[in-house]
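In: return a 3D structure for these sequence lines:
(2 chains)
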Amino acid sequence: MKCTRCRAKAEVELRAHNAGFCRPCYLFYFRRQVERAIAAERMFTHDERLLVAVSGGKDSLALWDVLAECGYATTGLYLGLGIGAYSARSHEKALKFAEQRELELRVVTLEEEGPGLAIPDVAAATRRVPCSACGTMKRHFFDTAALAGGFEVLVTGHNLDDEAARLMGNVLRWQRDHLARQRPVLPATHPKFVRKVKPLYLISEYETAVYAFMRGIDYIVEECPNAVGATQLLYKDVLNRLEHASPGTKQAFVQEFFRSGQPAFAAVENEEPQVCGQCGMPAYGTLCSFCRLVRQVEARRSPPGAAAPA
Amino acid sequence: MRVHLHPQRRTVEVQGRRRVGQLLTELGILPGTAMVIRGEFLLTEGEVLEDVDEVEIRAVISGGTG
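Out: The predicted structure follows:
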């Protein structure tokens, strides 16, 4: 197979784009895809300070690499989830990446927050699925870190496969409020929220993995032990089978939703956030989902007969 | 040929010349869900593998939620 751009021997084939690329042309193609998404969705400018959520995985590190190469003002944020050796290794990868490129990395460790909020402990105390507790924690600590650090934008490495799987889950249950909020750019709807953006939303996991490999990025290859059996992985598998039979399906599913479907849901689901009575962050109810979770943890850990935490 | 599967950390021996796409099919792996790596380079589905080759198949799917 030959490179679509320069006719040299191709190293990677992208069936969804009916294209093949050699290494230099692929790196050019990938950066251009990211830059196009940023420009098309008006995600941010070179004058804004970006907080990039990094996990040590391929997507977030590939994204941080591109943004830094493009000259954006980036700071990384690593959230230590407290998932044993997996978290230790992912922290090490994020730290090494930042050190090699002389980029600033901020670290929040969940074991040291509140009553001790390591994901396995929270999941056990609340009997929630670990991925669900993890999502709530990430949203809260990403928001508070962006606000405390004075950043204008929070950037995450959600890719096409993540967005397609999330969309499939939301559609299968017709979760209208979730569908209304699923978009590549989430504007700051409250003074304590910053803009949230996903520059990789039309780039597949395979493409980010190839970019990371070609750039020599040392990322964590192993899967989070808590993700085994996760519903999102089932959706990804189904979508990959559809994609194999009909290349381009995932992109069409996500792109057409953002173009046609999402605005319709957003038009009718426009609830404004209130203020959490506990932490003061935006909330859809008297408490935000993070504080509700923390209360559950505290209640389960309190000895019988002890007064409930304030 | 020797095939290292990641992140499973498993190695399998496969006998006989074949294309990368055929190897993936035999191992039950969908193209686009894993990179096939020989040395410092990636391989496309049409590349031919020989008995003496040693390759890594690295899955690219990650997730849970959030």
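In: please count neighbours and contacts with C-alpha atoms only from this point.
Out: Will do.
In: the residue nearest to the spatial centre of chain B and chain A, how far apart?
Out: Most central in chain B under C-alpha atoms, centre = their mean is B:I57, positioned 3.2 Å from the mean C-alpha point. According to C-alpha to the nearest C-alpha, to the nearest Å, B:I57 stands 11 Å off from chain A.
In: let's verify that residue: helix, strand, or coil?
Out: Put simply, B:I57 is strand when judged by DSSP: H, G, I helix; E, B strand; the rest coil.
In: up against chain B, what does chain A have?
Out: A:1, A:10-13, A:131-132, A:134-136, A:138-139, A:162, A:205-206, A:209-210, A:221-224, A:226-228, A:230-233, A:240-241, A:244 (C-alpha under 8 Å from any C-alpha of the partner chain).
In: any of the residues you listed buried? List them.
Out: Using 16 or more other C-alpha atoms under 10 Å in any protein chain shown as the burial test, those include A:1, A:10-13, A:131, A:134, A:136, A:138, A:162, A:205-206, A:209-210, A:221-224, A:226-227, A:230-233, A:240-241, A:244 as buried.
In: among the residues you listed, which lie within helices?
Out: Among these, the members found in helices (DSSP state H) are A:131, A:134, A:136, A:138, A:162, A:205-206, A:209-210, A:231-233, A:240-241, A:244.
In: quick one: which of these is nearest A:G285?
Out: Within these, the smallest distance to A:G285 is 14.9 Å, found for A:T136 (C-alpha to C-alpha).
In: the nearest residue to the closest one once chain neighbours are set aside: neighbouring residues, count only.
Out: When the adjacent residues along the chain are set aside, A:T136 lies closest to A:F290, with 5.9 Å between them (C-alpha to C-alpha, 6 or more residues apart in numbering or on different chains). Taking other C-alpha atoms under 10 Å in any protein chain shown as the criterion, the count of residues near A:F290 is 22.
In: show me where the chain dips below the pLDDT cut-off.
Out: Assuming you mean chain A. Residue ranges of chain A with pLDDT under 70: A:303-310.
In: that's the wrong chain, I meant chain B
Out: B:64-66.
In: quick one, helices of the chain?
Out: Assuming you mean chain A. A:23-40, A:58-69, A:84-101, A:119-126, A:130-148, A:160-172, A:176-181, A:205-214, A:231-245, A:249-256, A:262-268, A:289-301.
In: ah, I was thinking of chain B
Out: Remark: helices assigned in chain B by DSSP H are B:20-26.
In: for chain A, what are the nearby residues on it?
Out: B:6-8, B:30-35, B:41-46, B:58-66.
In: just the buried ones from these, in ChimeraX syntax?
Out: To isolate the buried members of the residues of chain B next to chain A in ChimeraX, using 16+ other C-alpha under 10 Å:
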select /B:6,30,31,32,33,34,35,42,43,44,45,58,59,60,61,62,63,64,65,66
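In: would you mind measuring from the closest residue to chain B within the stretch 51-200 of chain A to A:L110?
Out: In the stretch 51-200 of chain A, the residue that lies nearest chain B is A:G135 (4.1 Å; C-alpha to the nearest C-alpha). From A:G135 over to A:L110 the distance is 13 Å, taken as C-alpha to C-alpha, to the nearest Å.
In: mutual contacts of the two, please.
Out: With contacts defined as C-alpha atoms under 8 Å, 6 or more residues apart in numbering or on different chains, no residue is shared by A:G135 and A:L110.
In: count of neighbours near A:E102?
Out: Neighbours of A:E102 under the rule other C-alpha under 10 Å: 9.
In: same thing with A:T74?
Out: Neighbour tally, A:T74, other C-alpha under 10 Å: 23.
In: show me where chain B has its strands.
Out: In chain B, the segments counted as strands under DSSP state E are B:2-6, B:10-13, B:18-19, B:34-38, B:41-42, B:48-49, B:54-59.
In: for the third one, packing partners?
Out: Same thing as strand B:18-19. Where contact means 3 or more C-alpha pairs under 8 Å, 6 or more residues apart in numbering or on different chains; DSSP states H and E, strand B:18-19 is packed against strand B:48-49.
In: out of the helices of chain A, which gets nearest to A:K196?
Out: helix A:130-148 (9.2 Å).
In: and the angle for that closest one with helix A:119-126?
Out: 120 degrees (axes from the mean of the first three to the mean of the last three C-alpha atoms, to 10 degrees).
In: my guess is the residue nearest to the centre of chain B contacts B:R38, does it?
Out: No. Contact criterion C-alpha atoms under 8 Å: B:I57 and B:R38 do not qualify, at 9.1 Å.
In: ok, the residue nearest to A:T136 - contacts?
Out: A:T136, A:M137, A:H140.
In: just the closest of the residues you listed to A:V268, please.
Out: Among the contacts of A:F290, and counting by C-alpha to C-alpha, the member closest to A:V268 is A:T136, at 24.5 Å.
In: ok, the closest one to A:R292 distance?
Out: 10 Å.
In: just the CA trace of stretch A:18-33, in PDB.
Out: What follows is stretch A:18-33, C-alpha atoms only, in PDB (Å, rounded to 0.1, in the frame of the first residue of the first chain):
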ATOM      1  CA  ASN A  18     -10.000   5.400   2.300                       C
ATOM      2  CA  ALA A  19      -6.400   6.500   2.900                       C
ATOM      3  CA  GLY A  20      -2.900   5.200   3.700                       C
ATOM      4  CA  PHE A  21       0.000   7.200   5.100                       C
ATOM      5  CA  CYS A  22       3.800   6.900   5.600                       C
ATOM      6  CA  ARG A  23       5.100   8.100   8.900                       C
ATOM      7  CA  PRO A  24       5.900  11.800   8.100                       C
ATOM      8  CA  CYS A  25       2.600  12.200   6.300                       C
ATOM      9  CA  TYR A  26       0.600  10.500   9.000                       C
ATOM     10  CA  LEU A  27       2.000  12.900  11.700                       C
ATOM     11  CA  PHE A  28       1.100  15.800   9.400                       C
ATOM     12  CA  TYR A  29      -2.400  14.400   8.800                       C
ATOM     13  CA  PHE A  30      -3.000  13.800  12.600                       C
ATOM     14  CA  ARG A  31      -1.900  17.200  13.700                       C
ATOM     15  CA  ARG A  32      -4.000  18.800  10.900                       C
ATOM     16  CA  GLN A  33      -7.100  16.800  12.000                       C
END
